[in-house]
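Trainee: Mind looking at a prediction? Sequence and model below.
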Amino acid sequence: MINKIKFTLNFEEVEIETSAVRRLLDVLRDDFKLQGVKEGCGEGECGACAVLMNGDIVHSCMVPIGQVEGKEIITIEGMQRTQKYSVLKESFEDAGAVQCGFCTPGMIIATEALLRKYPKPTDEQIREGISGNLCRCTGYNMIIDAVRIASQRGDGLW
Ligand code: FES
Ligand code: FES
């Protein structure tokens, strides 16, 4: 069955006609060509597909598009239009937290969600905030450093 679904995507109103059970991940990548949203595990375990839904991090591989009606979705492409993104990107680069880069969009989304909640997070809160996102390359210490640096540099942005 085909449904009309309206939502806000990267600060613009959008409407699509599609089956309500399709994954948000597929709609973003295939219909909207937002390739910064990655597919890793496809099972809600790795965070590569993370986006913000009404400001909270969600794994888009686990969200049927029918649940997105009326919501606000922000992907890494939307984040790239914000002033905060340059602080996040540079902090990740400076901390050596970007290696193969596969996890980076999801990590940046997780960091944004975390800093919205705790602008000055403790290391414990950072660990908790990125706990749904896997990185095969860095060990997590560099990512924790990156989040700490972003929180210091972005003073007042979150
Ligand atoms: S692809 Fe969605 S959590 Fe891994
Ligand atoms: S930088 Fe390669 S998976 Fe994280």
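Mentor: Received it, and whenever you're ready, just let me know what you need. Ligands and ions are numbered 1, 2, ... in the order given.

Trainee: Find the residue at the geometric middle of this structure.
Mentor: Among the residues of the chain, the one closest to the centroid is residue 109, at 2.8 Å (Cα atoms, centre = their mean).

Trainee: if I read this right, that residue contacts residue 73, doesn't it?
Mentor: No - using Cβ atoms under 8 Å as the test, residue 109 is too far from residue 73 to be in contact (10.8 Å). Where you see a C-beta, it was placed from the backbone N, CA and C, and this is true even at glycine.

Trainee: just to revisit the earlier point, so what's the residue nearest to the centre of the chain scoring on pLDDT?
Mentor: Per-residue confidence (pLDDT) for residue 109: 98.

Trainee: Now do the helices in this structure.
Mentor: All helices of the chain, identified by DSSP state H, fall at 24-26, 76-79, 83-94, 104-117, 123-129, 141-153.

Trainee: Stretch 89-109 spans what distance, first to last residue?
Mentor: One end of stretch 89-109 sits 11 Å from the other (Cα to Cα, to the nearest Å).

Trainee: Tell me, how many residues neighbour residue 119?
Mentor: 13 (other Cβ atoms under 10 Å).

Trainee: Then residue 12?
Mentor: 8.

Trainee: for residue 11, same thing?
Mentor: Neighbour tally, residue 11, other Cβ under 10 Å: 11.

Trainee: State the distance from it to residue 66.
Mentor: Separation of residue 11 from residue 66 (Cβ to Cβ, to the nearest Å): 22 Å.

Trainee: same thing with residue 140?
Mentor: For residue 140, the distance to residue 66 - Cβ to Cβ - is 34 Å.

Trainee: Can you check which of the helices of the chain gets nearest to residue 46?
Mentor: Minimum separation from residue 46 across those (Cβ to Cβ) falls at helix 104-117, 7.7 Å.

Trainee: That concludes my questions; thank you for your assistance.
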